[in-house]
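Student: Requesting a structural model of the entry that follows:
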Amino acid sequence: MTFLAKVAAGGAVKRHRRSETIFSQADPADALFYIQKGKVKLTVVSNRGKQAVIATLGAGDFFGEGCLAGQLVRMSSAAAVGECSLVRLEKSTAMAVIHNEPAFSRLFLRYALSRNIRIEEELVDRLFDSSEKRLARVLLLLANFGQECEPEPVIPKMSQETLAGIIGTTRSRVRSFMNRFRKMGFIGYKNGLGVYKKGLAVHSSLLNVLLRD
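Tutor: Residues are numbered from 1 along each chain as shown. I've put the predicted structure just below:
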């Protein structure tokens, strides 16, 4: 995307460390973000203090778009999963670009539509699929399998607690599923020998879990 390349070249890219907060729930909604590299986790906290992971986004995704639809404060918090690079566009700048840059408008519309489809798929997933299948699907999505961009065989480290929050189950069940996936050769991760030092390795064979009846 030419416009985003120009913005990045102009020094508007900000890098965040692992677990660093990008914005917090109830902060002013004043900017749109584009993920140039890395992954970002969106979470919400209820009035009773219960936290839930609502999305994990990767390179090529936008977030914070609520500000363009009249949202005054953030409805969720955003934090870097691993090291990431973001392009930050002030609300006024983003609105102007959408009106004046047809290529950017098409990119953003395509993203919005694909995000809506993904939300519908995740809803169906939660209603009808087992926790094991939901976990497999999340891991494959994090590794970009089935998407236009190239798969990432090794994804940044992510806690079992975070994965449990994403798929709506307990940490102990996630641990059990992960151990089963590893024994079957579907995934690999850092163990006592320090084999996978960069994070979690996701193999295409994990698709077999989704194909089971």
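Student: Give me the below-cutoff pLDDT ranges for the protein.
Tutor: 1-11, 121-129, 146-153, 190-198, 212-213 (pLDDT under 70).
Student: Counting neighbours, what do you get for the nearest residue to residue 185 once chain neighbours are set aside?
Tutor: Distance criterion Cβ to Cβ, 6 or more residues apart in numbering; nearest residue to residue 185, sequence neighbours excluded, is residue 205 at 6.4 Å. To be clear about C-beta, it is placed using only N, CA and C from the backbone, and glycine gets the same treatment. The tally of other residues near residue 205 (other Cβ atoms under 10 Å) stands at 12.
Student: Then residue 100?
Tutor: Neighbours of residue 100 using other Cβ under 10 Å come to 10.
Student: same thing with the one 5 residues further on?
Tutor: Residues within reach of residue 105, counting by other Cβ under 10 Å, total 13.
Student: Check which helix or strand residue 110 maps to.
Tutor: helix 102-128 (DSSP states H and E).
Student: Give me the distance between the nearest residue to residue 175 once chain neighbours are set aside and residue 83.
Tutor: Spatial nearest neighbour of residue 175, chain neighbours left out: residue 160 (5.5 Å); criterion: Cβ to Cβ, 6+ apart. With distances taken as Cβ to Cβ, to the nearest Å, residue 160 is found 21 Å from residue 83.
Student: what about the two, which has more around it?
Tutor: Comparing residue 160 with residue 83 by other Cβ under 10 Å, the one with more neighbours is residue 160, at 17 against 14.
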